[in-house]
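Next comes the sequence, and after it the predicted model I'd like to discuss.
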Amino acid sequence: MDDCSCCGGGDSVRDAVREGYSRIAQKGVLAAGTTEGDGCKTSSSSSCCGASWSPNDLANKLGYSKEQLAALPEGANMGLSCGNPTAIAQLTPGQVVLDLGSGGGFDCFLAGPKVGPQGRIIGVDMTPDMISKARRNTASYRKNTGLDNVEFRLGEIEHLPVADNSVNVVISNCVINLSPDKPQVWKEIARVLRPGGTVAVSDLALLKSLPDAVRGMVEALVGCVAGAVLVDEYKAMIEAVGLGQIELKLKPGYVAALSLFEDPLYRRIAESLPKGTTAADYITSIDVTACKLQGAE
């Protein structure tokens, strides 16, 4: 069920997500009800799925190195990841890379040095406060790297402000699951990719359907849970737009760890699940790769 009808129509879902992520950009007030300090530095900070560890701790667990994180502009890492798309994308110099739901610029700033001065990174986010934050961070990125190859555009991932057949690689980190129209997102990905272009996405998906009580929680929606679809549905959406070489790698350990650390959001989810089950029985992180076949329009 892609439209999360228990939460209202597509516009109300989008508005709830935009409002939640505006709070994160402005004040660090997260969907799970916890509050961060400025710059997301306190130990109570949370991921988009509510992790009760610091943003850097979470990023380390997802495979980002301490060196990578130290080189980032301050505040770019807000702990909104559920994977490491830049690691699975295998970026090379000269590529044009599009990041869907770029937030404060976290993955964009990591991808920039990999594509070098001849490459280009385009971040798209629908939340004005996130775009403003990312653009402010760009000055620090330029100073640290000497590169001027990252830009940020305001827009919805269902209607990308990007030309047809213009992108080598599409990345995204725990964002597509938030969309009220995921099939349209994948149509847009297929549209902007050049033939031979690739997708490298980290996201959340469902192993089995969530109870209605969980899907109706707004904090679960903004926390990347209520909008997730079944793994088979996820793959079917990609197949439907004609992308090939599709691989979905399930990573259930991420959700299990959040539950183990007694995250506030996942505690609430656990209370709504059937007795004897955990969030990890329903939800998994996934790494998704695919490509636009040569000759495809």
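Sure thing, it's come through. Numbering: from 1, shown residues only.

Tell me, please, where in the stretch 101-250 of the chain the pLDDT is lower than the cut-off.
Applying pLDDT under 70 to the stretch 101-250 of the chain flags the ranges 216-224, 226.

all strands for it, in order.
120-125, 150-154, 167-173, 193-206, 244-251 (DSSP state E, counting those that start in this stretch).

got the CA positions of the first one in PDB?
Read that as strand 120-125. Provided in PDB are the C-alpha atoms of strand 120-125 (Å, rounded to 0.1, in the frame of the first residue of the first chain):
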ATOM      1  CA  ARG A 120      28.900  16.900 -10.700                       C
ATOM      2  CA  ILE A 121      26.700  16.100  -7.600                       C
ATOM      3  CA  ILE A 122      23.100  17.300  -7.600                       C
ATOM      4  CA  GLY A 123      21.200  17.000  -4.400                       C
ATOM      5  CA  VAL A 124      17.300  17.300  -4.500                       C
ATOM      6  CA  ASP A 125      15.200  17.800  -1.400                       C
END
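
Show me what it is in contact with.
95-103, 105, 108, 111-112, 115, 131, 134, 149-155, 157, 160-162, 167 (Cβ atoms under 8 Å, 6 or more residues apart in numbering). From N, CA and C alone the C-beta is placed, and that goes for glycine too.

Listing partners with orientation, what would you give for that strand?
Partners of strand 120-125 in the sheet, by DSSP bridges, are strand 96-100 (parallel), strand 150-154 (parallel).

Could you figure out how far it is turned away from strand 167-173?
40 degrees (axes from the mean of the first three to the mean of the last three Cα atoms, to 10 degrees).

Also the fourth one?
Strand 193-206 and strand 167-173 meet at an angle of 10 degrees, taking the same axes, to 10 degrees as the criterion.

Check whether residue 148 really touches residue 118, as I assumed.
No: in this structure residue 148 lies outside contact range of residue 118 using Cβ atoms under 8 Å: 11.8 Å.

ok, back up a step: apply the buried test to the contacts of strand 120-125 and list what passes.
By neighbour count, with 16 or more other Cβ atoms under 10 Å, the contacts of strand 120-125 hold 95-103, 105, 108, 111-112, 115, 131, 134, 149-150, 152, 157, 160, 162, 167 as buried.

OK, contacts around residue 295?
residue 195.

would it count as being in a helix?
No: when DSSP: H, G, I helix; E, B strand; the rest coil is applied, residue 295 is found to be coil, with no helix at that position.

Of the strands paired with strand 120-125, which is nearest residue 176?
strand 96-100 (6.7 Å; Cβ to Cβ).

what's next to the closest one, contact-wise?
89, 91, 107-108, 111, 115, 119-124, 157, 160, 162, 166-173, 175-176, 185, 189, 192, 201.

And the buried ones among these, selectable in PyMOL?
The buried residues among these can be selected in PyMOL (16+ other Cβ under 10 Å) with this line:
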select buried, resi 89+91+107+108+111+115+119+120+121+122+123+124+157+160+162+167+168+169+170+171+172+173+175+176+185+189+192+201
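
Counting neighbours, what do you get for the closest residue to residue 272 other than its chain neighbours?
The shortest distance from residue 272 to any residue other than its chain neighbours is 4.0 Å, reached at residue 213 (Cβ to Cβ, 6 or more residues apart in numbering). Using other Cβ atoms under 10 Å as the criterion, residue 213 is surrounded by 14 other residues.
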